[in-house]
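K.L.:
Quick one, structure for this:
(chains A, B, C and D)
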2 protein chains.
Amino acid sequence: MGETTGRVLVVDDDVTVRDVVRRYLELAGHEVELVGDGESALRRFAEREPDLVVLDLMLPGVDGLEVCRRLRLRSAVPVVMLTALGEEEDRIAGLQLGADDYVTKPFSPRELALRVTSVLRRSRVAAARTASVLSDGGLRVDVGARSAWLDGRELSLTTREFDLLVFFLTHRGTAFNRGELLSRVWGWEFGDQSTVTVHVRRLREKVEVDSARPVRIATVWGVGYRYDGGA
Amino acid sequence: MGETTGRVLVVDDDVTVRDVVRRYLELAGHEVELVGDGESALRRFAEREPDLVVLDLMLPGVDGLEVCRRLRLRSAVPVVMLTALGEEEDRIAGLQLGADDYVTKPFSPRELALRVTSVLRRSRVAAARTASVLSDGGLRVDVGARSAWLDGRELSLTTREFDLLVFFLTHRGTAFNRGELLSRVWGWEFGDQSTVTVHVRRLREKVEVDSARPVRIATVWGVGYRYDGGA
DNA sequence: CCAGTTCTTACGGACCGCTGACGGATCCCG
DNA sequence: CGGGATCCGTCAGCGGTCCGTAAGAACTGG
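P.N.:
Next up is the predicted model:
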């Protein structure tokens, strides 16, 4: 995924708007998912963890502001809001809730696409700067710096190993099958699952005390792998 | 059951469509059931609890939207809708009622199969993420982590045992015969029922205090088994 | 006491994950 | 531009686990 493209979740109840927005965002190189109401938005968000959310304020059921608030409870995902002209109150409320930008209807889809790209770029830079440090037991991982230490000494991880480790650290305690990992870490929808097996093995050799008796990365028989804490 | 295959209920009144859809879904590894109208759909759904429903909007009798609405009353089962081109109103209504995706007729059966697979995968992920921790007496089962504890110590359950236990825990107090368990847990329509007997026995040895005098998994003589609480 | 049903045990094959090795691609450095 | 090192994905063999089946024993209800 390039520097200024990403997976975008579009939430709008008007199917015409959705289709137009989709076309322009895809033209800009983004991967687009569409939903029509707040419930679906929250559900889809949990499933896919998109890089950015385009959110209409007027929605049936759970309204846009509420969706934004709930997203913020569990994620720092950038949000671009769609508001009707003159709904200043809503716009202010939206920005207070942490929207990163807004576009007023009627809007030019071209402009929306530009804003999405720009917000995405800003947030990537910011994310890299505020690089979180994940840690677990004697393991410490600096995501921004892309470096990792085990009991004080630095590990030399390859790109894949690092990504895999970060995924595990950010999804502790949940079992994933190989296809899922292939999709989430590699970004593949299909492919040889033994790829995962081999990379897990190589990662284990670096982060486990005894890679023959893994403690952190547990094998879930007939399913896949699960990261348990090292503590 | 693979991570991207499952039992799919197809609801369409056109027998030609049904056959084509069936062929492609089976090619993709799914298990397919066909019905021709809304009444049958609801009935079959109650009997089989499929993993996904492909629903035509134009149906004789109870129409597709109504079927979708009623399904949503009692289940979060993923729904993929078939709509005629241009039925925008219906599509909007469908998505609002909680359809997870839609395909417009005339459609490519290949594309439909792809969407079914993809929706299925997503919904599995979401299900695992929102993973409830089931508990009962001293028994605790974390569905997402695929691990279980009895009185604080972790149980080592095999895949089948785990699935069987989860099924029991989510269907407490109801008796099931072996054929039904074979169908719901194994996904088989036929097969040796002693398979169930043996697995129940193995499960009992792990979750019962005295497996010769089972408390949780009761034998219903002449019928099958029933999960009673451990409390 | 009998017939039907469930329990128990044992076993062989299927499946799965682990391991080591290999060739191609990519990256880096000269 | 060229050569070497690294990394990546694939594969086949192996060892262990798990699963389904069968067959005899024990039990239940009539």
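
K.L.:
worst-scoring helix or strand of chain A, pLDDT-wise?
P.N.:
Least confident helix or strand of chain A, by mean pLDDT, DSSP states H and E, is helix A:88-96 with a mean of 63.

K.L.:
For chain A, which residues are neighbours of chain B?
P.N.:
With C-beta under 8 Å from any C-beta of the partner chain as the criterion, chain A meets chain B at residues A:13, A:15-16, A:35-37, A:39-40, A:43-44, A:46-48, A:60-61, A:173-175, A:177, A:179-180, A:183, A:220-223, A:226. For the C-beta atoms, the positions are set from N, CA and C on the backbone; glycine is no exception.

K.L.:
In PyMOL, how would I select just the buried ones from the residues you listed?
P.N.:
Only the buried entries of those go into this PyMOL selection, using 16 or more other C-beta atoms under 10 Å in any protein chain shown:
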select buried, chain A and resi 13+35+36+37+39+40+43+44+46+47+48+174+175+177+179+180+183+220+223+226
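
K.L.:
Which of the residues of chain A next to chain B fall within strands?
P.N.:
Mapping those onto strands (DSSP state E) picks out A:35, A:175, A:177, A:220, A:226.

K.L.:
Next secondary structure element downstream of the lengthiest helix in chain A?
P.N.:
The single longest helix within chain A, with elements called by DSSP state H, is helix A:109-129. Next helix or strand after helix A:109-129 toward the C-terminus (DSSP states H and E): strand A:133-136.

K.L.:
Touching the helix or strand following that following strand from outside, list them.
P.N.:
Sequence order places strand A:139-142 as the next helix or strand after strand A:133-136, per DSSP H and E. Strand A:139-142 has contacts (C-beta atoms under 8 Å, 6 or more residues apart in numbering or on different chains) with A:131, A:133-135, A:147-150, A:162, A:165-166, A:169, A:207, A:216, A:230.

K.L.:
Which helix or strand contains residue A:148?
P.N.:
According to DSSP H and E, residue A:148 maps onto strand A:147-150.

K.L.:
Show the secondary-structure elements that that strand is packed against.
P.N.:
strand A:139-142, strand A:153-155 (3 or more C-beta pairs under 8 Å, 6 or more residues apart in numbering or on different chains; DSSP states H and E).

K.L.:
residues contacting the residue of chain A found nearest chain B?
P.N.:
Chain A approaches chain B most closely through residue A:222 (3.5 Å), counting by C-beta to the nearest C-beta. Contact analysis of residue A:222 by C-beta under 8 Å, 6+ apart lists B:158-159.

K.L.:
Could you report the distance from it to residue B:121?
P.N.:
Separation of residue A:222 from residue B:121 (C-beta to C-beta, to the nearest Å): 18 Å.

K.L.:
before we move on, what about residue A:55?
P.N.:
Distance from residue A:55 to residue B:121, by C-beta to C-beta: 25 Å.

K.L.:
got the residues of chain A near DNA strand D?
P.N.:
Neighbours of DNA strand D within chain A, by C-beta under 7 Å from any atom of the strand: A:156, A:158-161, A:186, A:191-192, A:194-195, A:197-199, A:221-222.

K.L.:
now those residues: which count as buried?
P.N.:
A:160-161, A:199.

K.L.:
Can you add pLDDT and distance to residue B:103 and give the residues you listed back as TSV?
P.N.:
Output for those, formatted as TSV (pLDDT from 0 to 100; distance: C-beta to C-beta, whole Å):
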residue	pLDDT	distance to residue B:103
A:160	95	35
A:161	97	39
A:199	98	35
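
K.L.:
Is it possible to get JSON lines of those residues that adds secondary structure?
P.N.:
Compiled in JSON lines, those are given as follows (DSSP: H, G, I helix; E, B strand; the rest coil):
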{"residue": "A:160", "secondary structure": "helix"}
{"residue": "A:161", "secondary structure": "helix"}
{"residue": "A:199", "secondary structure": "helix"}
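
K.L.:
got a list of what the residue sitting nearest the centre point of chain A touches?
P.N.:
Centroid-nearest residue in chain A: residue A:49, 3.8 Å away (criterion: C-alpha atoms, centre = their mean). Listed by C-beta under 8 Å, 6+ apart, the contact set of residue A:49 reads A:75, A:77.

K.L.:
shouldn't residue A:226 be in contact with residue A:214?
P.N.:
No: between residue A:226 and residue A:214 there is no contact under C-beta atoms under 8 Å: 10.5 Å.

K.L.:
Could you measure from residue A:199 over to residue B:145?
P.N.:
Look at residue A:199 and residue B:145: by C-beta to C-beta, they are 21 Å apart.

K.L.:
Can you tell me the element residue A:22 falls in?
P.N.:
Counting by DSSP H and E, residue A:22 is part of helix A:15-27.

K.L.:
tell me the angle that helix makes with helix A:109-129.
P.N.:
60 degrees (axes from the mean of the first three to the mean of the last three C-alpha atoms, to 10 degrees).

K.L.:
Any buried residues in helix A:15-27, and which?
P.N.:
For helix A:15-27, by 16+ other C-beta under 10 Å, it's A:17-18, A:21-22, A:24-25.

K.L.:
same question, stretch A:209-216
P.N.:
Within stretch A:209-216, the residues that qualify as buried are A:214-216, counting by 16+ other C-beta under 10 Å.

K.L.:
burial count for residue A:69?
P.N.:
A total of 15 residues lie near residue A:69 under the criterion other C-beta atoms under 10 Å in any protein chain shown.

K.L.:
Same question for residue A:116.
P.N.:
As a burial measure, residue A:116 scores 30 neighbours (other C-beta under 10 Å).

K.L.:
I'd like to know how far it sits from residue A:7.
P.N.:
11 Å.
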